[in-house]
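> Sequence and predicted structure below; questions after.
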Amino acid sequence: MELPAHGWSKEEVYAALEKKRRGDVPWRSGRAFAYVYDGGPEIEEVAKKAYMAFLTENGLDPTAFPSLLTFENDLIAIARTHLHGGPEVVGTFTSGGTESIMLAVKAARDLAKAKRGVTQPKMIVPITAHAAFHKAGRYLGVEVVATAVDPVTFRADVAAMEAAVDERTVLLVGSASGYAHGVVDPIAAIADLAQRRGLYCHVDGCIGGFLLPYFARLGESVPDFDFRVPGVTSISMDLHKYALTPKGASVVLFANDELRRAQYFACSQWTGYTMINPTIQSSKSGGPLAAAWAVMHSVGDDGYLRIAKGLLETKRAILEGIRGIDGLAVMGEPEMCLVAFTSEDVPIFPMADAMKARGWLVQPQLAFGSSRENLHLTIQPSNVKWTETFLQDLREARDEAKKAAEAYEGTRAFAAMFAERLTGPDAMAALPTLIESLGVGTGGAMPDKMAEVNAILNAMPRPIQEELLTRFVSMLFQPTSTARGAR
Ligand SMILES: Cc1ncc(COP(=O)(O)O)c(C=O)c1O
């Protein structure tokens, strides 16, 4: 493919954009329980206007664009109040949860090296902690020790974390809440352990940090997880989730400026401009920051409380509904509006396909440790009006999956056989054939029914699964092969 020899008209470009999005998840339907946090057309309008107004401004140099500096200082102040931080708490606006987590890990790593001389650092995270901690560990050379969680509540087992602490440990992690089961870890006990052993303690509030305080105000029982808890040294909280701002918006807060400075990067050992970056990104659009500021001022505290009420009521109704469906079981007791449910007698992955056929997007989660394979719902504002229809369709999907249970046993046996083959020395060589046999094509053509793919992934040894996924995504991102851009 090459550039068009002559530029297209604006109309041609816009038409081509619309054509490209035809296969995308139709998130405005309110039937997606993943990927989007849709606050509705009013919020979308404010977000787009603000985003576009600051699209080209560059966050690289806060002295050149003081507007961006004041947006950030305002948002950090708001976040600090929200999370009960005192005047010594400071923070940074980042591009998302992963970046906030990476920066918190970097700060802990660098300060522990400076203060304690730790050169081979470790962090201890419950197995329910987000994969972003593993990513941070691999990028930053910090070993991740993943510890067990309670098999019923899915909350971190603090005794297991304590048993894993040694002289190389720099950081303990707890989630408020975790993504997979929506439950809050015992943050007070984790932070107390950190204090007793002289460690940093990061609370991952990426998904729950903004919303849980509203749930608490509405009467939900939410344990303290923020800066009121002694020993908490940093918190990540995404705005592009339940603050309903466009993607590219999160904050990471630190208990003091010394910690935050360890997250910064400064370099004067080159020939160009003076470089001091608070974040991983250097040049960055002002769009996400301006949009976050605008949306949060437009919705306001009363608006978020109203939205939270709808989410909380929907969560309660969905929990009750699922518990009333024979054969399905909710995993744990989620404080957040994140629901994972599983079954011992209904094959769960075919249920996701049956729900897809009815226009719903629910997310399969593979088995890991004490967590069985399950389906996950991220309940977000545009789902609220659909509770009854959703539960009705879920009942039908349960019946359909139950009827197909015998056939699915065949799939499971095939998956187990394949997984076995993948443990031998020829494992890597078998992967391309496997990907092809599953009906996955170059450029992202996916089979309609994903149950088989999920069953195979579920049965695989984890390192092989990571290799398979890497190869699959590498197949997706292949340069377009048409001669010139098709309209
Ligand atoms: C608890 C938690 N932490 C971290 C992340 C990572 O956030 P992001 O996808 O914005 O990088 C997520 C995303 O869902 C999350 O739920």
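Perfect, I can see it now.
> Which stretches in the chain count as strands?
Along the chain, counting by DSSP state E, strands occupy 90-94, 122-126, 143-147, 169-175, 200-204, 234-238, 250-254, 265-267, 275-277, 329-330, 338-342, 363-365, 374-378.
> could I get those strands as TSV with mean neighbour count, mean pLDDT and distance to the ligand?
No exception for glycine: its C-beta is placed from N, CA and C like everyone else's. Below are the strands of the chain laid out as TSV (neighbours: other CB atoms under 10 Å; pLDDT from 0 to 100; distance: least, CB to the nearest ligand atom, whole Å):
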stretch	mean neighbour count	mean pLDDT	distance to the ligand
strand 90-94	25	98	9
strand 122-126	26	98	11
strand 143-147	18	98	14
strand 169-175	29	98	5
strand 200-204	29	99	5
strand 234-238	29	99	5
strand 250-254	29	98	6
strand 265-267	11	96	19
strand 275-277	14	94	18
strand 329-330	16	98	18
strand 338-342	22	98	8
strand 363-365	19	97	10
strand 374-378	23	98	8
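> Any chance of these in a markdown table with distance to Ala404 as columns?
Below are the strands of the chain laid out as a markdown table (distance: least, CB to CB, whole Å):
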| stretch | distance to Ala404 |
| --- | --- |
| strand 90-94 | 44 |
| strand 122-126 | 35 |
| strand 143-147 | 34 |
| strand 169-175 | 35 |
| strand 200-204 | 37 |
| strand 234-238 | 37 |
| strand 250-254 | 41 |
| strand 265-267 | 53 |
| strand 275-277 | 53 |
| strand 329-330 | 20 |
| strand 338-342 | 17 |
| strand 363-365 | 16 |
| strand 374-378 | 16 |
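> Which one of those strands lies nearest to Met355?
With CB to CB as the measure, strand 374-378 is the member of the strands of the chain nearest Met355 (7.9 Å).
> how far off strand 338-342 does that closest one point, in degrees?
Between strand 374-378 and strand 338-342, the angle formed by their directions is 160 degrees, by axes from the mean of the first three to the mean of the last three CA atoms, to 10 degrees.
> who does strand 374-378 touch, helix- and strand-wise?
Taking 3 or more CB pairs under 8 Å, 6 or more residues apart in numbering; DSSP states H and E as the contact definition, the neighbouring helices and strands of strand 374-378 are strand 338-342, helix 348-357, strand 363-365.
> same thing but at 10 Å, please
Using 3 or more CB pairs under 10 Å, 6 or more residues apart in numbering; DSSP states H and E as the contact definition, the elements that strand 374-378 packs against are helix 287-323, strand 338-342, helix 348-357, strand 363-365, helix 387-403.
> Let me have the ones you listed in JSON lines, extended by distance to Gly30.
Compiled in JSON lines, those are given as follows (distance: least, CB to CB, whole Å):
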{"stretch": "helix 287-323", "distance to Gly30": "11"}
{"stretch": "strand 338-342", "distance to Gly30": "16"}
{"stretch": "helix 348-357", "distance to Gly30": "14"}
{"stretch": "strand 363-365", "distance to Gly30": "16"}
{"stretch": "helix 387-403", "distance to Gly30": "10"}
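> quick one: which of those is nearest Leu469?
strand 363-365 (13.7 Å).
> Show me the strands paired with that closest one, marking each as parallel or antiparallel.
Strand pairing for strand 363-365, using DSSP bridges, gives strand 374-378 (antiparallel).
> Give me the distance from the strand it pairs with to the chain's centre.
How far strand 374-378 lies from its chain's middle: 13 Å, per CA atoms, centre = their mean, to the nearest Å.
> same deal with stretch 412-421?
Put simply, stretch 412-421 sits 30 Å off its chain's centre (CA atoms, centre = their mean).
> tell me the contacts of Ser268?
Contact analysis of Ser268 by CB atoms under 10 Å, 6 or more residues apart in numbering lists Thr274, Met275, Ile276.
> For the first one, grab the count of nearby residues.
Same thing as Thr274. 9 (other CB atoms under 10 Å).
> if I look at the nearest residue to it once chain neighbours are set aside, how far off is the ligand?
In this structure, Thr274 finds its nearest non-sequential neighbour in Ser268, 6.3 Å apart by CB to CB, 6 or more residues apart in numbering. Distance from Ser268 to the ligand, counting by CB to the nearest ligand atom, to the nearest Å: 30 Å.
> Ala79 too?
Shown here: Ala79 relative to the ligand, a distance of 15 Å by CB to the nearest ligand atom.
> list the contacts for the closest residue to that residue other than its chain neighbours?
Beyond its immediate neighbours in the sequence, the residue positioned closest to Ala79 (CB to CB, 6+ apart) is Val251, lying 4.7 Å away. Under the criterion of CB under 10 Å, 6+ apart, the contact list for Val251 reads 72, 75-76, 78-80, 82-83, 91-94, 100, 205-206, 209-210, 235-239, 243, 292.
> mind checking pLDDT for Asp426?
Taken from the predicted model, the pLDDT recorded for Asp426 is 69.
> Up against the ligand, what does the chain have?
By the criterion of CB under 6 Å from any ligand atom, the positions of the chain lying close to the ligand are Gly96, Gly97, Thr98, His130, Ala132, Ser175, Gly178, Tyr179, Asp204, Cys206, Ile207, Asp238.
> Dump those into JSON lines; add distance to Lys315 as well.
Below are the residues of the chain next to the ligand laid out as JSON lines (distance: CB to CB, whole Å):
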{"residue": "Gly96", "distance to Lys315": "24"}
{"residue": "Gly97", "distance to Lys315": "21"}
{"residue": "Thr98", "distance to Lys315": "25"}
{"residue": "His130", "distance to Lys315": "20"}
{"residue": "Ala132", "distance to Lys315": "24"}
{"residue": "Ser175", "distance to Lys315": "17"}
{"residue": "Gly178", "distance to Lys315": "15"}
{"residue": "Tyr179", "distance to Lys315": "15"}
{"residue": "Asp204", "distance to Lys315": "20"}
{"residue": "Cys206", "distance to Lys315": "18"}
{"residue": "Ile207", "distance to Lys315": "13"}
{"residue": "Asp238", "distance to Lys315": "19"}
